[in-house]
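Undergrad: Next come a sequence and a model predicted from it.
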Amino acid sequence: MRFFSAAFLTSLRGQFTGWRTWLLLLLAPLVSFGAARLLPPEETSAPVRVGVVLPEEGGGPFWEKLSARSGLVVTFCPASYEEAERQVAAGQWDCALVLPEDFSARLAGLDTAELFTLLTGPGSAVYPLVRETAAACAAECISPGIAEQYLLDSGITGPEEAAALRPRLSQVLEERVLVTLETADGRPLDPLTLADRGVSSLIAGLTAVMVLVWTLFLAMDLGRWLESPAARRLAPLTGRTALLLPRLAGGLVPGLCAGALALLAAEHPLACIAALTPFLLFWGGAALLLARCRPAWSALPVLMPFVPALCLLLSPVLVDVSLIFPALAPAVRWMPVSLYLGACAGRWTDGLVLLAGGVLLLAAGIKKSPSERGRY
């Protein structure tokens, strides 16, 4: 135990005197707080601006129904035709909806042919949603008239009875359709929670990737040091495991500190920092195994550029590719970064999976080889 403490303190001192540790400690918070600053929650909640050019008279009921649908996805902004055209051309608004001056008269006459004009720009993306939303609002406005016309044409009621039924028809037919959201696995989804969680999930994912890269560099350092003359002289006395463990622990401390500093920008920093411990334990056990195998750690410099890209691709940091390619769902679900993000979101079973995997990897790395037995 005395050897472990002395070796751990020596390793820790060496870590904090190197420039690479301080670069990590500065870079990790810079990336996380930069993401929080550049991508605030109100931007990640996708409030795409859409202009609406209303007629001078008669567009009030339609605008009430349309503005009621403003939310996290689309925000409707009343404007003049010139302003809408200018904002769409400048890319400030995604598109613009233009209503004709005889809009109310055409609705009263149930004339919906070419009722709207949609202004789009080169970067317009949500205009199909805007088109369907406008059509739904128009249908709400004319539905009482359609019902009344049907009652008259079919002979169910006369003109006087139909006039008396108008308030009732409007009350029944103008009820809004309630939309409930759920995730791909069937869990209920609150849009406000999803919007607030966007930046936090991005920060946690980027931090996990940085910590992973740091741990893999640590595995290379451990494997290289294990072949140094000093380690070769000490190995017959203590064994390679006793040499690697304190240096591994000393190397994981900067990763934990940098991760904790970076996660302070997350929405729930304490939960994310707590989930970082089993994540580091998992990759620490993997680093211990890699350091003991020369072909493995010597191949890491070649594979290192692909590690961040693979983590971002197969983990729901930026986008969940399993929704596009369902065949990748098992790989995405059990990626360590995905498990870490799940633990940050409150799924404690994902944290337990990382913890169990880390314990197994450490046990496999600590297990003595036949050549080490009897050297303690």
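TA: Structure received.
Undergrad: give me the element the closest residue to L355 other than its chain neighbours is part of.
TA: Residue nearest to L355 in three dimensions, not counting chain neighbours: P278, with 4.0 Å by C-beta to C-beta, 6 or more residues apart in numbering. (C-beta placed from N, C-alpha, C; glycine too.) Per DSSP states H and E, P278 falls inside helix 269-291.
Undergrad: any weak-confidence spans in this protein?
TA: Where the chain drops to pLDDT under 70, the residues are 1, 38-47, 72-73, 122-123, 145, 147-198, 323-324, 368-376.
Undergrad: what does whatever helix or strand comes next after the helix holding P278 rub up against?
TA: Using DSSP H and E, the helix or strand that follows helix 269-291 towards the C-terminus is helix 294-303. Contact partners of helix 294-303, identified using C-beta atoms under 8 Å, 6 or more residues apart in numbering, comprise 216-217, 219-220, 222-224, 227, 289-291.
Undergrad: just stretch 116-124 next, same as before
TA: Outside stretch 116-124, the residues touching it (C-beta under 8 Å, 6+ apart) are 51, 84-85, 88-89, 91, 94-100, 127, 130-131, 134, 138.
Undergrad: Tell me which other helices or strands whichever helix in the chain runs longest touches.
TA: Ranked by residue count, the top helix of the chain under DSSP state H comes out as helix 191-226. With contacts defined as 3 or more C-beta pairs under 8 Å, 6 or more residues apart in numbering; DSSP states H and E, helix 191-226 has these neighbours: helix 19-38, helix 41-44, helix 240-263, helix 269-291, helix 294-303, helix 306-314, helix 336-344.
Undergrad: Now, of the contacts of stretch 116-124, which are buried?
TA: 51, 84-85, 88, 94-100, 127, 130, 134, 138 (16 or more other C-beta atoms under 10 Å).
Undergrad: still on that earlier bit, wait, which of the helices and strands packed on helix 191-226 is closest to G71?
TA: Checking the helices and strands packed on helix 191-226 against G71 by C-beta to C-beta gives helix 41-44 as the closest, at 12.3 Å.
Undergrad: Please save the CA atoms from the helix or strand that the closest one is followed by in CSV.
TA: Sequence-wise, the next helix or strand downstream of helix 41-44 (DSSP H and E) is strand 48-53. Taking C-alpha atoms only, strand 48-53 is exported to CSV below (Å, rounded to 0.1, in the frame of the first residue of the first chain):
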residue,chain,number,x,y,z
VAL,A,48,-38.0,28.8,-36.8
ARG,A,49,-39.5,32.2,-37.8
VAL,A,50,-42.2,32.3,-40.4
GLY,A,51,-43.7,35.5,-41.7
VAL,A,52,-47.5,36.0,-42.1
VAL,A,53,-48.9,38.7,-44.4
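Undergrad: ok, strand 48-53: who's next to it in the sheet?
TA: The strands beside strand 48-53 in its sheet (DSSP bridges) come out as strand 74-78 (parallel), strand 95-98 (parallel).
Undergrad: Please consider this matter closed, and thank you.
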